[in-house]
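A.B. asks: What follows is a predicted structure for the sequence shown.
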Amino acid sequence: MDATDNSPVAYDLKTPTGLGADAARDIGAAARVLLADIFALYVKTKNFHWHMSGPHFRDYHLLLDDQSAEILAMTDPLAARGRALGAGTIKSVGDISRRQRLLDNDTDFIRPHEMLAELREDNLALVASMRSTHDVCDEYGDVATASLLENWIDETEKRVWFLFETLRGS
Ligand SMILES: [Fe+2]
C-alpha cells in the first residue's frame, strides 16, 4: 500500500470531526505511511545502536540511543492524531512492512560510518515525507496535525545535522 491507500475505517471507529471525510481519508492515508516509516526508522536506529562497533563505539552507540528515543516518541501522537481525525492507523508489524517506504537493513556487518550515512539519508527522506504530509494538512486546514509535523520536522532536521557533522571528514 502507499499514500493513495484509501482503506475505509470501520463504521464504529468513525470519530466525529469537523474536518470531514475527505480530510480523514487523505490525511489518514499519509499519516499511516509516515507512521510505518517512523517505526521502520526506529527499528533501524536501534539495530545500528545494538550492532555499533569500532573506536567511536560509545559516542555513536549513545547518539543512536538518543535518536531512537526521539523517533519512538512520535509514534503514539501520530497514531492518535489519525484516530482523532476518524482515520484508521497501523495495526501490526506486518501492516508496517506493507506500508513502509524506508528500507530495512538486515546486513550482518555494517561499518560505523555507513550506518550513520544511511540514517542521515533516511532521516532526510522522512523530512520530505513529513513536508508532503504537511501539504495535505494545509489543504484541509488541519492545523493540529500540521503543528505536530512542524516540531517533528525540526527534530528530524537536527538528527540529520548531528549525523552529518559526526560523519564530517570520514
Ligand atoms: Fe540500548
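C.D. replies: Looks like it came in fine.
A.B. asks: V33: neighbour count?
C.D. replies: 21 (other C-beta atoms under 10 Å). Using the backbone N, CA and C atoms, a C-beta is placed for each residue, glycine as well.
A.B. asks: cool, R98 as well?
C.D. replies: Neighbour count for R98, taken as other C-beta under 10 Å: 12.
A.B. asks: State the phi and psi torsions of it.
C.D. replies: For R98, the backbone dihedrals (degrees, to the nearest 10) come out as phi -70, psi -30.
A.B. asks: Check the one 10 residues further on too.
C.D. replies: Dihedral pair for D108: phi -70, psi -50, per degrees, to the nearest 10.
A.B. asks: Distance check, it against S53.
C.D. replies: 12 Å (C-beta to C-beta, to the nearest Å).
A.B. asks: More neighbours: which of these two?
C.D. replies: Higher neighbour count among D108 and S53: S53, with 13 against 5, using other C-beta under 10 Å.
A.B. asks: My understanding was that that one contacts P112; is that so?
C.D. replies: Yes. Taking C-beta atoms under 8 Å as the definition, S53 is a contact partner of P112 at 6.4 Å.
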